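[1] below is the sequence, then the predicted model.
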Amino acid sequence: MADLIVNGGKPLSGTITPSGNKNSVLPILCATLLTDEPVTLRNVPNITDVEKLLRFFAEQGSYVSWNPAACTLTVCHKTFDTAQLSGELPAGMRSSVLLFAPLLQRMGSLRLPTNAKGCSLGIRELDPHLEILEKLGARLSRNGGQHSLTLAQRFRGARHWPDYMSVTATENFAMAATLAKGQSVLINAASEPHVQELCQVLVGMGAQITGIGTSQLVIDGVERLRGGEFTIHSDHHEIVTFLALGAITGGEVRVRHSLPQHFDLIGRAFAKLGVAIEHEGDTARVPAGQRLAVAAPFTPNLLPRIEAAPWPYFPVDLLPCMIALAARAEGTVMFWNKVYEGGFGWMHELAKFGAHIVVSDPHRVTVFGARPLHPTVVDAPYIIRAAVALYMVAASIPGQSIVKNADTIRRAHPNFVENLRHLGAEVEWRE
Ligand SMILES: CC(=O)N[C@H]1[C@@H](OP(=O)(O)OP(=O)(O)OC[C@H]2O[C@@H](n3ccc(=O)[nH]c3=O)[C@H](O)[C@@H]2O)O[C@H](CO)[C@@H](O)[C@@H]1O
Ligand SMILES: C=C(OP(=O)(O)O)C(=O)O
């Protein structure tokens, strides 16, 4: 556990190059298990989730060569030894669930872990994953309290229409269907940028997938996949984080490689809080000194709101950054988390700064902004972006605040403190 010691109240200004997207690199790393050929990845973020997954691969005998400073890595699973796999998968990260399809494909059986959970956002369901794998030919069995999946030979193509658009369940479907016998169709597929990126990498490895980026994926199974070289895209969560930090402290922040094609709705969410984001080519800029104020809707008596739901809605992982901005903005705005039932459990920590938030129910909170805030000590939950949001508020208040247990940020944002200092922040880790 490590705490962030923050001396806030200074505008953060400068230019940042964002790192690769955690939620892209992790499924892509899991997909490398689908081939015996080497795969090289570029723009790999130096984060603890990647470290854990690579350690897991190395423990099973895979070749792993990672140069964190150069952000490149090569893995090859030709020497992966199924006999060595014992016990649990990497813990504390949701992406462990993405090992289900490739490990089943490689090993023919898998004991289900109990720890395929990441951020404490609520129940992280396994059922949609099991439904998909069973639909594609795996068998689920129970022996006492232990559940196992087995797969005879290879997956077989099938049509599936799950209850909701799940990011990781869609990714498991794509990985399993890619090497299945025959055609598979997923209706109600998730289409987040990282889901699209995994599918594009699978295509680069020889998979046949159509409908990428839509809610229906059609996958014609192939006999084998090959290796290759791929570059991980920038992390839109990190891009938004640094722009939001500029906005909340009144500085001018520029972010390179800013994926402007993903920004229409995200830009509108910023605008609702009075923040204009400008794009110059693929550099995004938040101009200095903007007045944070909730934009009044044209419709009378409408409470302004920011709603998060599966893509192309506003991304749920970015709600905390917007909540932090709303705490400093004049006006009132409602946040509606249509995904998680446990995403707002940290509102009492935000309130310690003096923020006024009313939690209506597990999915909705209303922030009454522009209350006088003061520095304080807060405890970050095991939610990456909640820790980031608590830091954002601390950075906007003159004086010393402490964000305890903020090291969950290292799961997704490499060199976080170094980047902040580059922007002029006074902040350090206390281990
Ligand atoms: C490693 C990884 O990629 N993790 C991401 C992935 O997690 P993950 O794939 O676990 O998230 P899911 O898309 O499955 O959704 C999470 C939970 O939200 C609920 N749910 C979701 C959608 C819906 O329409 N209705 C509904 O009820 C379900 O309880 C579900 O278990 O996607 C989440 C949602 O974008 C992100 O927060 C996580 O960062
Ligand atoms: C929720 C997140 O990660 P995980 O799915 O691993 O919990 C996140 O990246 O914000």
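    Good, I have the coordinates. Ligands and ions are numbered 1, 2, ... in the order given.
[2] OK, contacts around the residue of the stretch 101-250 of the chain found nearest ligand 2?
    Closest contact between the stretch 101-250 of the chain and ligand 2, by CB to the nearest ligand atom, is at Gly118 (2.1 Å). Yep, even glycine has a C-beta here, placed from its N, CA and C like the rest. Contact partners of Gly118, counting by CB atoms under 8 Å, 6 or more residues apart in numbering, are 92-95, 124, 411.
[3] residues in contact with the closest residue to Leu121 other than its chain neighbours?
    Excluding its sequence neighbours, the residue lying closest to Leu121 (CB to CB, 6 or more residues apart in numbering) is Tyr340, at 4.1 Å. Going by CB under 8 Å, 6+ apart, Tyr340 touches 121-122, 316, 363.
[4] could you report the separation of Ser396 from ligand 1?
    From Ser396 across to ligand 1, the span is 25 Å (CB to the nearest ligand atom, to the nearest Å).
[5] was I right to think that residue contacts Thr249?
    Yes - here Ser396 reaches Thr249: they are 5.4 Å apart, a contact under CB atoms under 8 Å.
[6] contacting residues around the residue of the stretch 251-400 of the chain found nearest ligand 2?
    Of all residues in the stretch 251-400 of the chain, the one sitting closest to ligand 2 is Asp317 (3.9 Å; CB to the nearest ligand atom). Contacts for Asp317 (CB under 8 Å, 6+ apart) come out as 237, 384-385.
[7] with secondary structure added, can I get these in a markdown table?
    Formatted as a markdown table, the contacts of Asp317 follow (DSSP: H, G, I helix; E, B strand; the rest coil):
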| residue | secondary structure |
| --- | --- |
| His237 | helix |
| Ile384 | helix |
| Arg385 | helix |
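[8] return the member of those residues nearest to Phe416.
    Ile384 (10.4 Å; CB to CB).
[9] what is the burial count for that closest one?
    26 (other CB atoms under 10 Å).
[10] for Leu41, give the beta-bridge partners.
    Leu73, Phe230 (DSSP bridges).
[11] hang on, the earlier thing: how about the secondary structure of the residue nearest to Leu121?
    coil.
[12] surely the residue of the stretch 101-250 of the chain closest to ligand 2 is within a strand?
    No - Gly118 is assigned coil when assessed by three-state DSSP, not a strand.
[13] picking up where we left off before, go through the contacts of Asp317 and name the one nearest Gly144.
    Ile384 (34.8 Å).
[14] so what's that closest one up against?
    Here Ile384 is in contact with 119, 317, 408-409, 411-413 (CB under 8 Å, 6+ apart).
[15] 6 Å instead, please
    Contact partners of Ile384, counting by CB atoms under 6 Å, 6 or more residues apart in numbering, are 119, 408, 411-412.
[16] re earlier: filter the contacts of Tyr340 to the buried ones?
    121-122, 316, 363 (16 or more other CB atoms under 10 Å).
[17] just send the residues you listed back as a markdown table, with secondary structure and pLDDT too.
    As requested, the buried ones among the contacts of Tyr340 are exported to a markdown table (DSSP: H, G, I helix; E, B strand; the rest coil; pLDDT from 0 to 100):
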| residue | secondary structure | pLDDT |
| --- | --- | --- |
| Leu121 | coil | 93 |
| Gly122 | coil | 90 |
| Val316 | helix | 98 |
| His363 | coil | 97 |
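[18] pretty sure Thr249 sits against Pro11.
    Yes - in this structure, Thr249 is within contact of Pro11 by CB atoms under 6 Å, at 4.8 Å.
[19] what about these two, which has more around it?
    The residue with more neighbours, out of Thr249 and Pro11, is Thr249; 23 against 19, by other CB under 10 Å.
[20] dump the residue contacts of that one.
    11-12, 395-396.
[21] measure how buried Asn43 is and give me the count.
    21.
[22] pLDDT at it, what is it?
    For Asn43, the pLDDT comes out at 98.
[23] before we move on, what about Lys117?
    For Lys117, the predicted pLDDT is 82.
[24] which ones are touching it?
    Per CB under 6 Å, 6+ apart, neighbours of Lys117: Arg124.
[25] any idea how far ligand 1 is from it?
    For Lys117, the distance to ligand 1 (CB to the nearest ligand atom) stands at 9 Å.
[26] thought Thr35 was touching Arg224?
    No - counting by CB under 6 Å, Thr35 sits too far from Arg224 to count as a contact (7.2 Å).
[27] which bits of the stretch 1-150 of the chain sit near ligand 2?
    Within the stretch 1-150 of the chain, the positions adjacent to ligand 2 are 22-23, 93-95, 118-119, 121 by CB under 6 Å from any ligand atom.
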